[in-house]
Every structure is written in C-alpha cells, then in structure tokens.
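J.: starting from these lines, generate the structure:
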Amino acid sequence: MCANNGSGTITKFFTAMGDPIRLQIVLLLRDQPLNVGDIANQFNISRPAISHHLKVLKEAKVVQSEKAGQEFS
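T.: Take a look at the predicted model:
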C-alpha cells in the first residue's frame, strides 16, 4: 500500500463528521458565523464540550475560527 499524505486529513475529516453533535454544529455554521456561546445555546451540553467539538472540527479543517474579543467565532 502506498503512503498518501492526504489520508490522515481524510481520516480526521470523517472522524470529525462521524459525531452527530459535530455534524449539527457544522449545519448551524453553514448559514452564519456563530461564537461558542451561540452554539452552546443550541445544545444541551456544556460550553467546554462545545469547545472540544469545535477543536476537533478545526483540526480536521472543517471549520475556521477567529478571535473576536473574549469569544471565538
């Protein structure tokens, strides 16, 4: 089997998108940028849990973030 530099990226993408919460986050973000608090308000899980899901999505290059004051959006 050949080594492919893109295979790790593809694996991260599918791993990230395989979680139902992360999929719902991506669907929320498709229409407009939201900060962590706005996203957390849509779910019945803690804000740190949302931050973790966003970190996984960012590492998989599914979402981007930018710092705006104290919040990331």
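
J.: go through the chain and flag its longest helix.
T.: In terms of residue count, the longest helix belonging to the chain (DSSP state H) is helix 47-59.

J.: phi, psi of Asp31?
T.: phi -90, psi -30 (degrees, to the nearest 10).

J.: spit out the contact partners of it.
T.: With contact set as C-beta atoms under 8 Å, 6 or more residues apart in numbering, Asp31 has no partners. No exception for glycine: its C-beta is placed from N, CA and C like everyone else's.

J.: list the buried ones in the longest helix of the chain?
T.: Judged by neighbour count using 16 or more other C-beta atoms under 10 Å, the buried positions of helix 47-59 are 50, 53-54, 56-57.

J.: what about stretch 18-25, distance to the chain center?
T.: 8 Å (C-alpha atoms, centre = their mean, to the nearest Å).

J.: from the rest of the structure, what touches it?
T.: Defining contact as C-beta under 8 Å, 6+ apart, one finds that stretch 18-25 is touched by 16-17, 39, 42-43, 45, 50, 53-54, 56-57, 62-63.

J.: can you list those residues in a markdown table and add distance to Val26 and pLDDT?
T.: Shown next, in a markdown table, are the contacts of stretch 18-25 (distance: C-beta to C-beta, whole Å; pLDDT from 0 to 100):
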| residue | distance to Val26 | pLDDT |
| --- | --- | --- |
| Ala16 | 9 | 95 |
| Met17 | 7 | 96 |
| Ile39 | 11 | 95 |
| Gln42 | 12 | 95 |
| Phe43 | 13 | 96 |
| Ile45 | 16 | 94 |
| Ile50 | 13 | 96 |
| His53 | 10 | 97 |
| Leu54 | 10 | 96 |
| Val56 | 11 | 97 |
| Leu57 | 7 | 97 |
| Val62 | 6 | 95 |
| Val63 | 7 | 95 |
